[in-house]
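> Model the structure of this input:
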Amino acid sequence: KETHHKAIPEEQMNEMRTNLQHLPDRERRFAALLCYTGMRLEEILGLRWEDLDFLKREIHIQRAVIHPKRNKPEIKPPKTKTSRRTIPLAAPLIPLLQPTGEKGFILGGETPLSYQQQKKSFDKIRRTFHLEDYTAHDFRDTCATEWQEAGMPLGTISHLLGHATTTVTEKCYVKF
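Numbers count the residues shown, from 1 in each chain. Coordinates of the predicted model:
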């Protein structure tokens, strides 16, 4: 019985991906990044427009945003050395991030989202798609599982998730 990491069922992910464009900008971008990147929540919160290279179709993960005292965001380096990485900017993700050309944090503007703002946005996403039993971290498991089922090598999945080795990826993330 899974309690910590679980993948979201394929039908729910397909429904979500099909209907992302109906969400307000912040929630659409937030949900799209969860669905297509396998990024940690704090990496998504730390993502700035300058970290996206639309020409090369790359996302450069440079920072994380945490909330150690609940509401006030704190900008820090990514979780580990291998968490600072470049991942592909998936084609379906590009239109969901529109409009582009803005500056600052993708989800916050000049400053990162506060704890309450990110919680409110994520709760709205969960209610909209009936995912109340899932966490933001479960989207990482879902991406890893989908990539594995599509035939992606475990080493590549580990890199995309920011893991130093395939051990954690295999034991905790990829669901069969």
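> residue boundaries of the strands in this protein?
Assigned strands in the chain, in chain order: 52-53, 58-61, 64-66, 74-76, 85-88 (criterion: DSSP state E).
> out of the ones you listed, nearest to residue 106?
strand 52-53 (7.8 Å; CB to CB). Every C-beta, even on glycine, is put in place using the N, C-alpha and C of the backbone.
> give me the beta-bridge partners of the residue nearest to residue 58 when sequence neighbours are not counted?
Once flanking residues are discounted, residue 58 sits nearest to residue 86: 5.2 Å by CB to CB, 6 or more residues apart in numbering. Taking DSSP bridges, one obtains residue 60 as the residues bridged to residue 86.
> returning to what we had before: among the strands of the chain, which comes closest to residue 29?
Nearest of those to residue 29, taken as CB to CB: strand 52-53 at 10.9 Å.
> Packing partners of that closest one?
Judged by 3 or more CB pairs under 8 Å, 6 or more residues apart in numbering; DSSP states H and E, the packing partners of strand 52-53 are strand 58-61.
> what about the strand it packs on, average pLDDT?
Per-residue pLDDT over strand 58-61 has a mean of 97.
> Okay, buried residues for that strand please.
Across strand 58-61, burial judged by 16 or more other CB atoms under 10 Å covers 59-61.
> what's it in contact with?
By CB atoms under 8 Å, 6 or more residues apart in numbering, the residues outside strand 58-61 that reach it are 37, 39, 43, 46-47, 51-53, 78, 83-89, 162.
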